[in-house]
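S.K.: Can you look at this prediction? I've put the sequence above it.
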Amino acid sequence: MDAKKTSLEQFEANRRRLRAVACRVLGSLNEAEDAVQETWLRLSQTKVEEIANLSGWLTTVTARICLDMLRSRKARRERPLDTIESELILDAGRSLEDQVTAADSVGLALFVVLEKLAPAERLAFVLHDVFAVPYDDIASILDRSAGATRQLASRARRRVQGSPNAGSDDRARQWNLVEAFLAAARGGDFDALVSVLDPDVAFRADDEAIRQGSLPEIRGARAVAEAFKGRAQSALSAFVDGGFGLIIAPDEHRHFVLRFFFRNGKITAIRAIADPKSLASLDLELLPGLLQ
């Protein structure tokens with residue numbers, strides 16, 4: 001009885017951290033609770049006195065459970081969007097519990113990119129970059145060498161935090177236009193929006209975006225600026241199939257991508273993509289500006 005009581009006390013002391021790990025790896029609060037509960041079941045069947053580092057053991061077990069859940073999800077081609085909140089955005093000044101439970105729609109946009117990572121990449125990135133777990137420890141979870149694990153995390157990091165330069169001054173100018181558009185839209189600055197748009201700019205939405213409430217088409221700089229003024233609060237700027245755009249996740253059930261096109265230093269066209277098959281085929285990488 002004493003051993004069981006000790007196990008429970010030590011588990012409860014680690015529960016918040018385990019929940020935070022699972023939330024960031026899985027992107028689902030419901031699945032995270034399931035993973036933590038499974039960790040407790042495994043602990044209850046283990047002799048605690050034989051575990052040298054209980055906190056490390058619990059983290060390892062939780063991570064392995066999450067990895068299995070990610071792989072199972074990929075095999076079924078499922079992507080849960082049940083209660084994904086700001087658990088994917090770190091804020092060093094807040095407690096883990098506050099980070100997990102506070103609502104922040106930008107976290108949903110980041111989750112869209114994390115979902116593009118392979119399960120092993122995602123686990124390596126989250127454990128190392130978010131929780132500072134050493135590569136050697138992550139390697140034992142993934143059954144890989146420390147060097148291979150480092151490469152996985154590095155590859156994931158490049159996907160999550162892409163480089164804005166992309167090799168040319170013209171590309172950098174396009175990136176700056178997207179950032180200026182996003183800042184003006186969020187700030188409700190009509191004139192600043194008009195200034196980055198070509199006079200004949202055209203916005204078009206696919207059928208799924210229209211079904212979700214988007215207008216099919218908007219033409220002209222002033223009309224497009226009016227449509228976006230004061231909006232895009234849940235957006236993150238991103239590479240979209242090698243070009244530039246925004247990932248927007250207004251709630252836990254929907255997300256879509258805006259793809260921008262340019263000519264002569266202005267935005268000439270914007271395409272809204274919400275069709276699930278089209279979204280799944282896109283190569284997405286977040287731009288680093290809003291992640292730092």
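M.R.: Happy to help now that I have it. Numbers count the residues shown, from 1 in each chain.
S.K.: Just the helices from the stretch 151-292 of the chain, written as ranges.
M.R.: Using DSSP state H, counting those that start in this stretch, the helices assigned to the stretch 151-292 of the chain run over residues 169-187, 190-196, 207-211, 221-228, 276-281.
S.K.: With respect to residue 5, which of these lies nearest?
M.R.: Ranking the helices of the stretch 151-292 of the chain by proximity to residue 5 (CB to CB) places helix 276-281 first, at 48.1 Å. Quick note: C-beta positions are derived from backbone N, CA and C, even for glycine.
S.K.: Look up the pLDDT of the residue lying closest to residue 245 once chain neighbours are set aside for me, please.
M.R.: Leaving aside its sequence neighbours, residue 245 sits nearest to residue 259 (CB to CB, 6 or more residues apart in numbering; 4.4 Å). Here, the pLDDT recorded for residue 259 equals 93.
S.K.: Let me know whether residue 259 touches residue 239 as I believe.
M.R.: No: with contacts counted by CB atoms under 8 Å, residue 259 stays clear of residue 239, the gap being 10.5 Å.
S.K.: Tell me which of the two has more neighbours.
M.R.: More crowded of residue 259 and residue 239, by other CB atoms under 10 Å: residue 239, with 21 against 17.
S.K.: List the beta-bridge partners for that one.
M.R.: Beta bridges link residue 239 to residue 244, residue 285 when assigned by DSSP bridges.
S.K.: What spatial separation is found between it and residue 214?
M.R.: 22 Å (CB to CB, to the nearest Å).
S.K.: Give me the neighbour count for residue 125.
M.R.: Residues within reach of residue 125, counting by other CB under 10 Å, total 23.
S.K.: mind listing what it touches?
M.R.: Contacts of residue 125 were listed using CB atoms under 8 Å, 6 or more residues apart in numbering, and they are 114, 117, 152-153, 156-157, 160.
S.K.: Flag the helix or strand of this protein with the lowest per-element mean pLDDT.
M.R.: Here the helix or strand of the chain ranked lowest by mean pLDDT, DSSP states H and E is helix 96-101, holding a mean of 39.
S.K.: doesn't residue 62 make contact with residue 35?
M.R.: Yes: using CB under 8 Å, residue 35 makes contact with residue 62 at a distance of 5.8 Å.
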